[in-house]
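Peer 1: Build me a model from this:
(chains A and B)
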Amino acid sequence: MPDHDRDHAPAVETRALRRTFAAPRNRPGAAVEALAGVDVRIERGEIFGLLGPNGAGKTTFIKILTTLLFPTSGEGRVAGHDVVRAAGEVRRRISLISGGESSGYGSLMVRECLWMYSQFYGIPAAIAWPRVDELLAVVGMTEQAHTRINRLSTGQRQRMNFARGFVSDPEVLFMDEPTLGMDVNAARALRGYVARWVRAKAGRTVLLTTHYMAEADELCDRLAIIDRGRVLACDSPAALRRQVQGGQHVELEVSVREGDGTGLPSLDGITAAWGAPHPERGTRTLKFRLPPECPLVDVLRQLEAQGVRVQGVATREASLEDVFIAVVGRGLEDTEVVK
Amino acid sequence: MSRPAVLAARLRTAAWLGWQIEANWADPFTFIVYSAVRPLATALILAVMYRAVAGIASSGQAFLGFYVANAFHEYVIRVLVGMGWVIVEEREEFETLKFVYTSPIGMFTYLWGRSSVKFVQASLSLLLILTTGWLILGLRWDWGAVRWLPLLLSFVLGLIAIVYFGFFVAGWALVLPRAAISVNEGVAAALTLLCGVIFPIDLLPRAVQVVAMLLPFTWWYEALRRFLIGHGASARLSSFSDGALLAALAVSTALFSCVSVWGYGVLERRARQNGKLDQARLF
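Peer 2: Purely as a prediction, here's the structure:
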């Protein structure tokens, strides 16, 4: 691709991207298809989210685009550069943040560690040092600037790694579950920074994977819902929510008997999913969209007939989780699909 | 910044990181033990072994050759094997390999920078071992007979072979997360036995001697002995003239370096294919 075309190329583009992991020799079995032909186009300046449960293929997708893993077939491009044939060009333009990451060189101080990464990217010292200090302030670690990494708490290390991702001012920033394990306030502050960072300079792009619905809803301009290696829906959060508007979104709190698994009750014409359990009350939330032609009382009767005791009923606005249930056929916390 | 300036900054930074890690200022005792006492103890064990078991006077000329080669073997242990260790540390202990790998520094530049500190450490160990041998064990040579130019040339050629073979060892460490430590140690042991460090290659079986003569390190140790202390250790290699010895060293280094670069590329691609680059398994 000529340089001129690359300047106008999407930040990320994949075509029929596929990745299969062979079964380990010591545990023979079927190969795992982590990505089953993913087509995604992310424009420059976007915050794009990949939303999916564990094992959906999100991290594999990021690993391929950040040159850590080869695809089995298909094509992936970052800023117009092929991730297989032009890995060096890709690496000059990207940065990677992995959530829950508490890695680091224990004997280095926080400030010098961030500076070190800036040097790997060839950032002049006159730019690098002020940027490092600014990022330390962003992640609330100015006081720890001269603390050795092996003396940091896990949360502080995570925040340091978050800052590391920005130190090179990348064209495309890959964030794999960036707020995983962070406390609520830190996660909120860092989400705010990501949004400001992208808008502050034209062309900056973020590809974010998450299984936090609220994070995806708050941050992303567009979202792809991914499950079992396939993109099942891709649009803005608002447009995705519109897909499931109509009818009522119902949450029932139902009794769960001791020793019961997570088997979903069978409901005619309705896709239901388990929500969070409430062990202190011995109940669990059952979520579904009630079609307009189906009265709630019929559903309650069906549940009663199956021996499910309903403790409470609530209705609410459509959320991304409803979209996820409608598109994927189960909730993020479920392993079972019942229609 | 210009490209050479960026490259220099990256090399300098990798070397600085290596120094911060290797020096381990948080635990100076360990640093001193590892940098000084370990290589010295190894050399002294060799001296005792020769005196007690082999019946060769530890101050004899034959032993001097092995003692000198053993001192230079520090470069193999530190630099060559150390490059494999960098991968193990980065991936398994610090869990930073994926961030280094996905940055534009490039693994060659990074490993080169990190190994430069190991070169300094190996040089200090070399001086310590030779000084101890000179002062305590009476292992001396005639400084006036040292042939400096071929010695320097041999030394540089050997270092090139060490660094490039180090890339190859690092490549193996990339594809073998669980076995990387064994590979590193195995390489050091194999080169000690094969390359005439502590006994002449003439004692090896005939077929193994051929393998030894394909390795640049065999020629390196022989050249270092010949140009520093005035004689080699192998009857077979003593038939080579100085020029032929240097040529053999240069050719085997060139071939070995090319094979190592190619081998590293193959192994790195394999590691990326199999998802090994961020697969921490040991710590």
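Peer 1: Residue ranges in the stretch 101-250 of chain B under the pLDDT threshold?
Peer 2: By pLDDT under 70, the stretch 101-250 of chain B contains no weakly predicted segment.
Peer 1: Would you map the helices across it?
Peer 2: B:107-132, B:148-175, B:180-194, B:206-214, B:216-229, B:242-273 (DSSP state H, counting those that start in this stretch).
Peer 1: Compare those helices and give me the one nearest chain A.
Peer 2: helix B:242-273 (4.9 Å; C-beta to the nearest C-beta). Bear in mind the C-beta positions are built from the backbone N, C-alpha and C, glycine included.
Peer 1: Backbone dihedrals for B:Leu204, both of them.
Peer 2: phi -80, psi 150 (degrees, to the nearest 10).
Peer 1: tell me the contacts of the closest residue to B:Val266 other than its chain neighbours?
Peer 2: Counting by C-beta to C-beta, 6 or more residues apart in numbering or on different chains, B:Val266 lies nearest to B:Gly171, which is 7.4 Å off, once chain neighbours are set aside. The contact partners of B:Gly171, taken as C-beta atoms under 8 Å, 6 or more residues apart in numbering or on different chains, are B:Gly263, B:Tyr264, B:Gly265, B:Val266, B:Leu267, B:Glu268, B:Ala271.
Peer 1: center of the chain - which residue?
Peer 2: By default, I'm working from chain A. For chain A, A:Thr210 is the residue whose C-alpha lies nearest the centre (C-alpha atoms, centre = their mean; 1.7 Å).
Peer 1: switch to chain B, that's the one I care about
Peer 2: By C-alpha atoms, centre = their mean, chain B has its centre lying nearest to B:Val76, at 1.2 Å.
Peer 1: so how far is B:Val81 from the residue nearest to that residue when sequence neighbours are not counted?
Peer 2: Distance criterion C-beta to C-beta, 6+ apart; nearest residue to B:Val76, sequence neighbours excluded, is B:Leu191 at 5.6 Å. According to C-beta to C-beta, to the nearest Å, B:Leu191 stands 9 Å off from B:Val81.
Peer 1: Compare these two (neighbour count), which wins?
Peer 2: B:Val81 (25 against 22; other C-beta atoms under 10 Å in any protein chain shown).
Peer 1: Near chain B, which residues of chain A are found?
Peer 2: A:21, A:63, A:66-70, A:88, A:91-92, A:94-96, A:98, A:101, A:103-108, A:116-117, A:119-122, A:124, A:148, A:150, A:164, A:168 (C-beta under 8 Å from any C-beta of the partner chain).
Peer 1: now, which of the residues you listed lie within helices?
Peer 2: A:Lys63, A:Gly88, A:Arg91, A:Arg92, A:Met116, A:Tyr117, A:Gln119, A:Phe120, A:Arg164 (DSSP state H).
Peer 1: which of those count as buried?
Peer 2: A:Lys63, A:Arg91, A:Arg92, A:Met116, A:Tyr117, A:Gln119, A:Phe120, A:Arg164 (16 or more other C-beta atoms under 10 Å in any protein chain shown).
Peer 1: For those residues, work out which two are farthest apart.
Peer 2: Maximum pairwise distance in these, criterion C-beta to C-beta, is 24.6 Å, between A:Lys63 and A:Gln119.
Peer 1: Please report the distance of the closest residue in space to A:Val231 that isn't next to it in sequence from chain B.
Peer 2: Leaving aside its sequence neighbours, A:Val231 sits nearest to A:Ala224 (C-beta to C-beta, 6+ apart; 4.8 Å). Note on A:Ala224: its distance to chain B, by C-beta to the nearest C-beta, to the nearest Å, is 22 Å.
Peer 1: Need the phi and psi values for A:Ala224.
Peer 2: Backbone geometry at A:Ala224, expressed as degrees, to the nearest 10, gives phi -120, psi 130.
Peer 1: Tell me the confidence at it?
Peer 2: In this model, A:Ala224 is scored at 95, pLDDT.
Peer 1: can you check the one 4 residues further on too?
Peer 2: A:Arg228 is assigned 91 on the pLDDT scale.
Peer 1: Let me know whether it touches A:Val38 as I believe.
Peer 2: No: using C-beta atoms under 8 Å, A:Arg228 is not in contact with A:Val38; the gap is 11.4 Å.
Peer 1: list residues touching both of those two?
Peer 2: A:Gly57.
Peer 1: ok, these two, which is more surrounded?
Peer 2: Set A:Arg228 next to A:Val38 and count neighbours by other C-beta under 10 Å: A:Val38 wins out with 25 against 16.
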